[in-house]
Structures are given as structure tokens and as C-alpha cells.
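Engineer: what would the 3D arrangement of this be:
(chains A and B)
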Amino acid sequence: MGEGEFRVRVAETEHVADGIRRLRLVPVGREQLPVFSGGAHTVLTMHDEDRILRNPYSLMGSPFDPTCYQISVLKTADSRGGSIFVHEKLKEGSELSISAPMNLFPIDRRARRHLLIAGGIGITPFMAMMQQLEREEMPFELHYSMRSKSGGAYWNLLSSLHGRKIHTYFDEAQQKIPLTRLLDNQPLGTHLYVCGPSGMIDWVLNEARDAGWPEENLHFERFSAPPVGKPFTIELAKSGRTLEVKPTRSILETIEEAGLNPPFLCRGGACGQCETQVVSCVGAIEHNDHFLTTDEKAAGQKIMICVSRLQTAGGRLILDL
Amino acid sequence: MLTPGIISRPVYGVLQPDPRARHNLLVAEGEGAAAILDLARNAPPDFFSKTTILYCAAGSAGKGYEKQLEDLKSDALWIFPTPATTMFRLKGVLQTAKMGTRLYFTGTEPFMGLALREALEAGIDHKSIYTEHRGSAKRRVQCVHCKGFTENVTTNPATCSHCGLTLLVRDHYSRRLGAFQGVCIDAEVPGEAPAPEEVFK
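Structural biologist: Here you go, the predicted model:
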């Protein structure tokens, strides 16, 4: 357990909607957890038999309650095991390590108004944000799209907490966020925040840009899970190690399992902390991050080792580590 | 005398039409009118039909830019006698403007600085505003000692119009104040200062 990590105990679990489980985590050996700001996430470290999984989850509880953190996890079919572990192996009383909270999706306090757009489990960062916006009396509205009433989390609770600021849309009732109308009728100085499935984030950002919204007013959070891929070999130039990356492991996980601790923050290809120089490469790099620019990806001299890997089975990647 | 590499020194560009803007708000002073006329040369045909222009002739009074701006047939053109009256209207326009409105500021640095202050108060990030410097390089300077503002500073060093100190005008700029920082240049030996040079013509 490194610096900036905390032991927590699962104090409560709740099935909140189809495939969505909420956990309340309380500190072990200390009174309070660090304060966080709306939009922050933490990285859970999960020991699943022979492997260690580390996944980022948005903090959805109140930023003003330091006695616990709350997260909600959607069980995904193509999961590498993180969400299944949270759903099936964690019980009330389980202990685990979490990282200090960090925020890559903060509220822009200069804004005159905040337009929040959520899809499915992407609601979680907004739950903490809205507590903060209410407390600080900043004007906002939330537009929240879900598949179904049974599969959507917290929509009832949010309406009771925030009243008419909450607008819900259900696919099963053929309801859709009226994005064009929303984008055309916001006062100058409004900031937009979107979190949800990748396709939805793209749709919202593209529509906003087409409606003349400047890049500075657009905020999004997009965590990728490291995808399953082909096996390949990595060589660490500085430490002289050669490691085999299995299909279900990321480069970062492989290096950690070998006992090394390269820097990381989000583990979802968003923050840029784990950027690593490529010394040489046999095979094609599959860039899965949202951090490097298109030009940087094409140049192939840097790789985000938390989510990116080699496309080529049996390829060889030499890293400056 | 100016220290290079002070990152708060604003950098201005060249006005370009934003093809995706739903509305354009052009705020210009003096020779900034010429920047708008240049912009008009490569603007799409419908650009000015969705454009509001706020213009203050200031030092370019008598050059007849008003007539040329009128010929652009913008959605609205307002002419103001002073920067202060321009800012008063800008504040009102920003209050009711909607997202999709692109801001363009052009003219002298003190004028653009005043307009930028209004925009910041309205929640607009300075990086999303298009700017072009035209006309005099004069500066608005705040004396770090008495906090008074001196307008139309063209020399370095300059004299504080409030406390009378001789000030080194630095590149250190405040967007919140819309002014450069002026620091006493002869604190050790009062009166022993380099002769003022007209460097901000």
C-alpha cells in the first residue's frame, strides 16, 4: 500500500437498479477520508485470486461527508473482471485499498450556468457535483438518459433532491434528450459536462461544437477499461526486465505484477500520468487512450501503458522504464 | 528594459470568422475597424447577417470607418463616443447573449483589456475570445505601490498619475485588472532613473 492509499471497509451494499450495485466505503484505522470535490474518482485495488485489479470509479456521495465514500458499479458483460468482482466477491465487511481521490472532471466555477448531461452509469460523478452546486447556489440543470426505468439508477432520488432541475429520458419510452434545443438556448457563459457511453459523449460534443460552443466550455469524462487483446512481449530498457503481456492484462498491470511501480493516476487513458516513451517497437501500437493527440499516436513515440497495447500477436515493445 | 518570457503578457492573433458560430459579437475601437474590414474580405456571405458590431472611434475619429462598417450591413451596428460607454453596452449585450455567440475584440490593448474583463465576468474563458491588436501600443498600467491606474502610458519608465513615483512598466499583466504592473524604478536612489523612452507608441 503506497502513499495516498487508504484501507476501507465495505459498510453497506445495495442493489440500486438492474446490474448496478452501490457500495458505501468507510475508513479503517482513521476517522475520516480526505475531502474531495464533485467529479472526483478513486481507484479501487481488488485482489482477485492470483491477480490484482485496479479500476477507477467516480465518487457519488456528498463531498461534504468525509465519513464515507460511495461508488456505484455497473456489471458489464465484457468485463475483465473488475465489475464482476465488485458485484460477486465484495460483501459487507470486506476490506480493500483505495487511492486518494483525484478530480479530472471538476466544476468550472467561472461558469454562469452548468448544463449536465448523463447517460446510464455516467450519472455517478454528477451526483456529487450536484450536491456541491446546490450548496454553492450555482444554477444547473441535469439531463439524464437511461435504457429503462428498472435499469436506471437514482432517477427517483435525484428528482426528490433537486426537483425540476432534473430531466429524465427513457429509451424504452422512445424519449431522447432534446440536445439541439438545449444547446441553442443557454445563456452565454454556460459550461457543458457530459459523462456516459462513448458514443453519447461523441454525439454531445459534436453537436455542441456545431452549435458554436467553444472548446473551453465543454467538459467530459471518459474512462476506458483496458481492452482484452493479443499476447506480446515488453522489454524494460532501464530495469532490464523482459515480460510477457497476457491477453487479459494491460502493460501497466503486467509491470506491477513483476513488482515494479510505474506512476499512474486514472488507469483509464484520461489523465496522462502513465505516459511512457517507446524506445523501439516491432508490431503496431493500439492506442486506446483519450490523452495523446492524433499526431502523437501516429508518431508512435509515446504510449499510455494503462490502456494501450500492441495489436500484433507476438510483437515486441521496448519501453523507457 | 522589458523582461522577455513573462507568460502573462497577452498574445493577440488575427481575426478569423468562426464558421460554426450562431452569432458574432465584434467589439472594436479605433483602428480595430480596419481589422473588421479585413475580416470581411474572407468571411462567408452570411457572416454579417448574424453579427453585432460595437464600435468606438476613439483615436481614429474623423477617419470615416463608421461609414465603411455600415456598408457591411451587419445585423446591428452601434457606435459609442467612449470606451466606457462601449463597455456599458457590452455588459448588457453579454447579459442576454446565448451560447453559440463568438466574441471578437480588436483595437488597442487597454480597450481589449476592458472588454475582456466584462467577458470574464460573464463566465467566458479568455482563450475562446478572438483578438487582434490594432492601433497604438499604449498601455494601461497599475502602480503596485498606490494601486492607482494610469491610462495611455507610452513611455518606459512612466510616471504614476496618482502618487507620482517613477515606474518601470513590466510585461506582467493582469486580466482581472486589464492592466500591466508598474514598479518603482528608483527606490534605492530617488531621482536616479533612466530617461523615459517612448516604447509603447
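
Engineer: interface residues of chain B facing chain A?
Structural biologist: Residues of chain B that fall close to chain A, judged by C-beta under 8 Å from any C-beta of the partner chain: B:18, B:20-23, B:94, B:96-102, B:120, B:122-125, B:127-128. Bear in mind the C-beta positions are built from the backbone N, C-alpha and C, glycine included.

Engineer: just the ones of these in strands?
Structural biologist: Residues of the residues of chain B next to chain A located in strands (DSSP state E): B:His23, B:Thr101, B:Arg102.

Engineer: list the contacts of the nearest residue to the first one once chain neighbours are set aside.
Structural biologist: Leaving aside its sequence neighbours, B:His23 sits nearest to B:Thr101 (C-beta to C-beta, 6 or more residues apart in numbering or on different chains; 4.5 Å). Neighbouring residues of B:Thr101 by C-beta atoms under 8 Å, 6 or more residues apart in numbering or on different chains: A:Leu188, A:Gly212, B:Ala21, B:Arg22, B:His23, B:Asn24, B:Leu25.

Engineer: in PyMOL, select just the buried ones from the residues of chain B next to chain A.
Structural biologist: Buried residues within the residues of chain B next to chain A, by 16 or more other C-beta atoms under 10 Å in any protein chain shown, are selected in PyMOL with:
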select buried, chain B and resi 18+21+22+23+94+97+98+99+100+101+102+120+122+123+124+125
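
Engineer: residue of chain B with the smallest distance to chain A?
Structural biologist: The nearest approach of chain B to chain A comes at B:Gly123, 2.7 Å away (C-beta to the nearest C-beta).

Engineer: quick check, pLDDT for that residue.
Structural biologist: Looking at B:Gly123, its pLDDT is 91.

Engineer: cool, the one 4 residues further on as well?
Structural biologist: Note on B:Lys127: pLDDT of 94.

Engineer: hmm, B:Gly30 is touching B:Gly107, no?
Structural biologist: Yes. Taking C-beta atoms under 8 Å as the definition, B:Gly30 is a contact partner of B:Gly107 at 5.5 Å.

Engineer: tell me the secondary structure for residue 10?
Structural biologist: Unless you meant another one, I'm taking chain A. Here A:Val10 is recorded as strand under DSSP: H, G, I helix; E, B strand; the rest coil.

Engineer: wrong chain, I was asking about chain B
Structural biologist: What three-state DSSP gives for B:Pro10 is coil.

Engineer: show me what from chain A comes close to chain B.
Structural biologist: With C-beta under 8 Å from any C-beta as the criterion, chain A comes near chain B at residues A:110-113, A:183-191, A:209-217.

Engineer: buried subset of those, written for ChimeraX?
Structural biologist: The buried residues among those can be selected in ChimeraX (16+ other C-beta under 10 Å) with this line:
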select /A:111,112,113,183,186,187,188,189,190,191,211,212,213,214,217
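
Engineer: which of the residues of chain A next to chain B fall in helices?
Structural biologist: By the criterion of DSSP state H, membership of the residues of chain A next to chain B in helices covers A:Leu183, A:Asp184, A:Arg209, A:Asp210.

Engineer: could I get these as CSV with pLDDT?
Structural biologist: Formatted as CSV, those follow (pLDDT from 0 to 100):
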residue, pLDDT
A:Leu183, 97
A:Asp184, 94
A:Arg209, 97
A:Asp210, 97
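
Engineer: all strands of chain B, in order?
Structural biologist: Ranges of strands in chain B, per DSSP E, are B:23-29, B:51-56, B:76-80, B:101-107, B:130-133, B:139-143, B:149-153, B:158-159, B:166-174, B:179-184.

Engineer: pLDDT value on B:Ser60, please?
Structural biologist: Per-residue confidence at B:Ser60 stands at 82 (pLDDT).

Engineer: give the contact list for the closest residue in space to it that isn't next to it in sequence.
Structural biologist: Computed as C-beta to C-beta, 6+ apart, the closest residue to B:Ser60 that is not its neighbour in sequence is B:Gly30, at 3.9 Å. When contacts are counted by C-beta under 8 Å, 6+ apart, B:Gly30 is found next to B:Cys56, B:Ala57, B:Ala58, B:Gly59, B:Ser60, B:Gly107, B:Thr108, B:Phe111, B:Arg134, B:Gly135, B:Ser136.

Engineer: B:Tyr65 too?
Structural biologist: Remark: with contacts taken as C-beta under 8 Å, 6+ apart, B:Tyr65 is in contact with B:Ala33, B:Ala34, B:Leu37, B:Tyr55, B:Ala57.

Engineer: now, of those residues, which are buried?
Structural biologist: B:Ala33, B:Ala34, B:Tyr55, B:Ala57.

Engineer: can I get those residues in TSV including pLDDT and distance to A:Asn55?
Structural biologist: As requested, the buried ones among the contacts of B:Tyr65 are arranged in TSV below (pLDDT from 0 to 100; distance: C-beta to C-beta, whole Å):
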residue	pLDDT	distance to A:Asn55
B:Ala33	97	57
B:Ala34	97	57
B:Tyr55	97	56
B:Ala57	93	61
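
Engineer: tell me the one of the residues you listed nearest A:Pro63?
Structural biologist: Among the buried ones among the contacts of B:Tyr65, B:Tyr55 lies closest to A:Pro63 (C-beta to C-beta), at 46.3 Å.

Engineer: so what's the residue of the stretch 151-300 of chain A found nearest chain B closest to, chain neighbours aside?
Structural biologist: Closest to chain B within the stretch 151-300 of chain A is A:Gly189: 2.7 Å, counting by C-beta to the nearest C-beta. Distance criterion C-beta to C-beta, 6+ apart; nearest residue to A:Gly189, sequence neighbours excluded, is B:Gly123 at 2.7 Å.

Engineer: next: B:Glu29.
Structural biologist: B:Gly107 (3.0 Å).

Engineer: what's the answer for A:Glu14, then?
Structural biologist: Per C-beta to C-beta, 6+ apart, closest to A:Glu14 is A:Arg22, 4.5 Å.

Engineer: same check, this time on A:Arg7
Structural biologist: Nearest-residue entry for A:Arg7: A:Val28, 4.1 Å, with adjacent residues in sequence omitted and distances by C-beta to C-beta, 6+ apart.

Engineer: tell me who's in contact with that neighbour.
Structural biologist: For A:Val28, the contact set (C-beta under 8 Å, 6+ apart) comprises A:Phe6, A:Arg7, A:Val8, A:Arg9, A:Glu95.

Engineer: ok, 7 Å please
Structural biologist: A:Arg7, A:Val8, A:Arg9, A:Glu95 (C-beta atoms under 7 Å, 6 or more residues apart in numbering or on different chains).

Engineer: quick one: which of these is most hemmed in?
Structural biologist: Comparing the contacts of A:Val28 by number of neighbours (other C-beta atoms under 10 Å in any protein chain shown), A:Val8 comes first, having 24 neighbours.

Engineer: circling back: with pLDDT added, can I get the ones in strands among the residues of chain B next to chain A in CSV?
Structural biologist: CSV is the format used below for these (pLDDT from 0 to 100):
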residue, pLDDT
B:His23, 97
B:Thr101, 97
B:Arg102, 97
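
Engineer: any chance of those in a markdown table, plus distance to A:Pro125?
Structural biologist: A markdown table is the format used below for those (distance: C-beta to C-beta, whole Å):
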| residue | distance to A:Pro125 |
| --- | --- |
| B:His23 | 32 |
| B:Thr101 | 28 |
| B:Arg102 | 29 |
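
Engineer: alright, that wraps it up for me.
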